[in-house]
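Novice: Quick one: sequence and predicted model below, then my questions.
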Amino acid sequence: MNHIEKLGWDSSIQHEDNNKLARVIAVQKNSYRISDGEMEYFSHLSGKFMNQAYSSLDFPAVGDWVEVQKLADEQKAVINRILPRKSKFVRQAAGTKTEAQIVAANMDTVFIVNSLNHDLNVRRIERYILSTYESGASPVIVLTKKDESTPEDIIRITAEVEEAAIGVPIVCISSITGEGIEELLTYLPDRKTAALLGSSGVGKSTLVNALLGEKVQETKDIREADSKGRHTTTHREMFTLPNGALLIDTPGMRELQLWDGDGAIDTTFQDVEALADECRFSDCQHDTEPGCRVQEAMDSDELSEERFESYLKLQRELAYEKRKQDQKVRLEEKNKWKKISKDMKNRYKAR
Ligand SMILES: Nc1nc2c(ncn2[C@@H]2O[C@H](COP(=O)(O)OP(=O)(O)OP(=O)(O)O)[C@@H](O)[C@H]2O)c(=O)[nH]1
Ligand SMILES: [Zn+2]
């Protein structure tokens, strides 16, 4: 097997020189740790790359495949470009600015991690499922801390989640006792990439350690004892598991804003969409129209009102985000041309 295949490279994709390929395994402040499956390199972006990067989405993220120039003796490399992404999980960065951030790239599966024992919010899970479909990956729901939950709680919570996650696998695990880990591994085959996503404290890093069989990720208890007061996973990283799968750990997200929404809402809310298809009027607003199948389903408790509310809310939010993005794209396009024309003027002056 080729070295880069160990990192999940799909060898059916032709590349002029496999020796120039590497995968981003960690993003630090101004550098990227990359691997070619044999060796790790500290790398930075080439000048040309920097000149052509206009938005945060143009910069490398964990899981990205990059084309590089290696300086093997020094374990350093220069990144020349990012290869097209087959999937990417995008979220709005913290703060108020509309700046998108890629949390993980080129993953096959997203593990939506939630803890069974506190603060489980099905509406938030719906949001994550939607974003996962948007990302181009398949969702799997992981409910952690099974060892701290009663069998009754597990049954009740799983049923609740099932209702909001139609067709999405659900796995209950404990990283302490190892329960459910075997089942989870069936979603983590050799050379496939998965990303762990979920709020802070749900047990992502503990799971990584359990899967690796060693402590590589600092977990909360250690961090709390740490006098420096660090309290979140500071560097997200990609790990190769003993079975050959690749796993991306990400820092906990407080909130998840929606990004782009093509078709993802239909998949996430296929039950609601199927009902809506049966309304008498094709432009039914599911409000007070006669022959509304959605209202009928809510009256007979076939569909929960909370789920329908959530559907409407996410739809509104998507429409809002879409407008905001369109505006941003227009602005970026304008700035890009401004920059290009300035570059040209400078070059002209230099002659
Ligand atoms: N009982 C029990 N506790 C767990 C389990 N998994 C994680 N924990 C505990 O939950 C706390 C948070 O776990 P972390 O792994 O640090 O959570 P995280 O999701 O990585 O958090 P961030 O890095 O902030 O995103 C720690 O105290 C863990 O020991 C589990 O399966 N059972
Ligand atoms: Zn209707």
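Specialist: Arrived safely. Numbers count the residues shown, from 1 in each chain. Ligands and ions are numbered 1, 2, ... in the order given.

Novice: Ligand 1 contacts on the stretch 51-200 of the chain?
Specialist: Counting by Cβ under 6 Å from any ligand atom, the residues of the stretch 51-200 of the chain lying close to ligand 1 are 144-145, 147-148, 174-176, 200. Quick note: C-beta positions are derived from backbone N, CA and C, even for glycine.

Novice: Quick check: can you name the pairing partners of the one helix or strand residue 110 maps to and their directions?
Specialist: Using DSSP states H and E, residue 110 falls within strand 109-115. Using DSSP bridges, strand 109-115 pairs in its sheet with strand 138-144 (parallel), strand 193-197 (parallel).

Novice: I figured residue 66 hits residue 25, correct?
Specialist: No: using Cβ atoms under 8 Å, residue 66 is not in contact with residue 25; the gap is 10.9 Å.

Novice: what residues are shared contacts of the two?
Specialist: residue 34 (Cβ atoms under 8 Å, 6 or more residues apart in numbering).

Novice: ok but residue 271 is inside a helix, no?
Specialist: Yes: assessed with DSSP: H, G, I helix; E, B strand; the rest coil, residue 271 lies in a helix.

Novice: In contact with it, which residues are there?
Specialist: Taking Cβ under 8 Å, 6+ apart, one finds 166, 303, 307 in contact with residue 271.

Novice: On the three-state scheme, the residue in the stretch 101-250 of the chain that ligand 2 sits nearest to is what?
Specialist: Nearest residue of the stretch 101-250 of the chain to ligand 2 (Cβ to the ion) works out as residue 166 at 19.2 Å. For residue 166, the assignment made with three-state DSSP gives coil.

Novice: That one contacts residue 270, correct?
Specialist: Yes: Residue 166 is within contact range of residue 270, at 5.8 Å (criterion: Cβ under 8 Å).

Novice: Quickly list what the residue nearest the centre of the chain is bridged to.
Specialist: Centroid-nearest residue in the chain: residue 89, 3.4 Å away (criterion: Cα atoms, centre = their mean). Beta bridges link residue 89 to residue 104 when assigned by DSSP bridges.

Novice: Just the pLDDT for it.
Specialist: Turning to residue 89, the model gives it a pLDDT of 92.

Novice: separation between residue 54 and residue 101?
Specialist: 15 Å (Cβ to Cβ, to the nearest Å).

Novice: who wins for most neighbours among the contacts of residue 271?
Specialist: residue 303 (20 neighbours; other Cβ atoms under 10 Å).

Novice: For that residue, which non-adjacent residue is spatially closest?
Specialist: Of all residues not flanking residue 303 in the chain, residue 297 sits nearest, at 4.0 Å (Cβ to Cβ, 6 or more residues apart in numbering).

Novice: Now name the helix or strand holding the nearest residue to residue 268 once chain neighbours are set aside.
Specialist: Sequence neighbours aside, residue 130 is the residue nearest to residue 268 in space, at 4.5 Å (criterion: Cβ to Cβ, 6+ apart). According to DSSP H and E, residue 130 maps onto helix 122-135.

Novice: For that helix, which helices and strands make contact with it?
Specialist: Contact here means 3 or more Cβ pairs under 8 Å, 6 or more residues apart in numbering; DSSP states H and E; on that basis helix 122-135 packs against strand 88-92, strand 109-115, strand 138-144, helix 151-164, helix 264-268, helix 305-350.

Novice: right, is the longest one up against ligand 2?
Specialist: Meaning helix 305-350. No: remark: helix 305-350 sits outside contact range of ligand 2, by Cβ under 5 Å from the ion, the gap being at least 10.3 Å.

Novice: Tell me which residues of stretch 14-32 come out buried.
Specialist: For stretch 14-32, the neighbour count (16 or more other Cβ atoms under 10 Å) marks 20-27, 32 as buried.

Novice: What's the local residue count around the residue nearest to residue 268?
Specialist: Around residue 130 there are 24 residues (other Cβ under 10 Å).

Novice: pLDDT score assigned to it?
Specialist: 91.

Novice: Please apply the same query to the one 4 residues further on.
Specialist: Note on residue 134: pLDDT of 89.

Novice: ok, back up a step: now, which of the contacts of residue 271 sits nearest ligand 1?
Specialist: Nearest to ligand 1 among the contacts of residue 271: residue 166, at 25.5 Å, using Cβ to the nearest ligand atom.

Novice: just the buried residues of stretch 14-32: which has the poorest pLDDT?
Specialist: For the buried residues of stretch 14-32, the pLDDT minimum is residue 27, 89.
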